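Enquirer: My questions concern the predicted model and sequence given below.
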Amino acid sequence: MIVSLNEHQVAKEPTYELDVQEYEAEEDQWADEEELIGQEDLEGPYGLTASEFVEAAFRIPMKGRLEHFSFDKRRYLRDIYDSPAQRKLLMAGRQVEKSTLLGNIILCYMSLVPSYKALYVSPSATQTKTFSNDRIKEPIETSPVLKRFTTTMLSQNIFEKQFVNRSKVTLRYAYLNADRTRGIPAFLLAIDEYQDVLQDNVPVIQQCLSFITNTFDFRISISQIQRG
């Protein structure tokens, strides 16, 4: 699946509400985690898609206060969030919420699927640290729903975040080589700034997905735009 953010698709969007207490009460009724991971749309106990969960659970700062994440001005992103495609390559210009999309999808799958494992890779340590703080840590701290999945007893450092349902995201960087990504199994591989990653390193990074068939490979690339 290759998507260009210049092609906006407009669709009527319903509203959603998420009862956190009910969500936790029905957690024990979820299907076996391997079956959940094998589902194409990765829906949770309420049949929520990724975009619906993000709208219900995530908060963003707007005009000095926190508001629900909305797709009203991001309609072109909904199909990307909900696509069942196992391999996605997103090519876009700058400042169109590509890294936000990656972080939201990682946190969404970690919340909806117990024992979910994600691996995020960028070309540099600085980029990975920035992503960890801005796209993972901050959404967790500003969301009452996501906060319930964390505890101070779990690993919450820059390069690893854990949830109480045993889900985990590992964050690495690979510039000259991909040694830092070895031995990390994952159901979701997210490569940010893909155009800056050495292509010889990509097959090594992809080995993190080799232990299971139903995996997701998500790559973000910057398209260079020249103006005369």
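Expert: Looks like it came in fine.
Enquirer: can you map out the strands along the chain?
Expert: Under the criterion DSSP state E, strands of the chain are mapped to 2-4, 59-62, 65-68, 87-92, 117-122, 156-157, 160-162, 168-173, 188-191, 216-222.
Enquirer: The second one pairs with which strands, and in what direction?
Expert: It stands for strand 59-62. strand 65-68 (antiparallel) (DSSP bridges).
Enquirer: got a list of contacts for the strand it pairs with?
Expert: 55, 56, 58, 59, 60, 61, 142 (Cβ atoms under 8 Å, 6 or more residues apart in numbering). Using the backbone N, CA and C atoms, a C-beta is placed for each residue, glycine as well.
Enquirer: Show me which of those residues are buried.
Expert: 55, 56, 58, 59 (16 or more other Cβ atoms under 10 Å).
Enquirer: Would you confirm that the first one contacts residue 70?
Expert: When you say that, I think you mean residue 55. Yes. Assessed by Cβ atoms under 8 Å, residue 55 is found in contact with residue 70 at 6.5 Å.
Enquirer: shared neighbours, these two?
Expert: Joint contacts of residue 55 and residue 70 (Cβ under 8 Å, 6+ apart) do not exist.
Enquirer: Quick check: which of the strands of the chain is nearest to residue 102?
Expert: strand 188-191 (4.9 Å; Cβ to Cβ).
Enquirer: Which residue ranges of the protein form helices?
Expert: 20-25, 33-38, 50-57, 75-82, 98-112, 125-131, 138-142, 144-147, 202-206 (DSSP state H).
Enquirer: between these, which gets nearest to residue 190?
Expert: From the helices of the chain, taking Cβ to Cβ, the stretch that ends up closest is helix 98-112, at 4.9 Å.
Enquirer: measure residue 179 to residue 205 for me?
Expert: 10 Å (Cβ to Cβ, to the nearest Å).
Enquirer: Could you do residue 164 as well?
Expert: 28 Å.
Enquirer: follow-up on the earlier one: look at residue 179 and residue 205 and report which has more neighbours.
Expert: residue 205 (22 against 11; other Cβ atoms under 10 Å).
Enquirer: was I right about the more buried one contacting residue 194?
Expert: No. Contact criterion Cβ under 8 Å: residue 205 and residue 194 do not qualify, at 10.4 Å.
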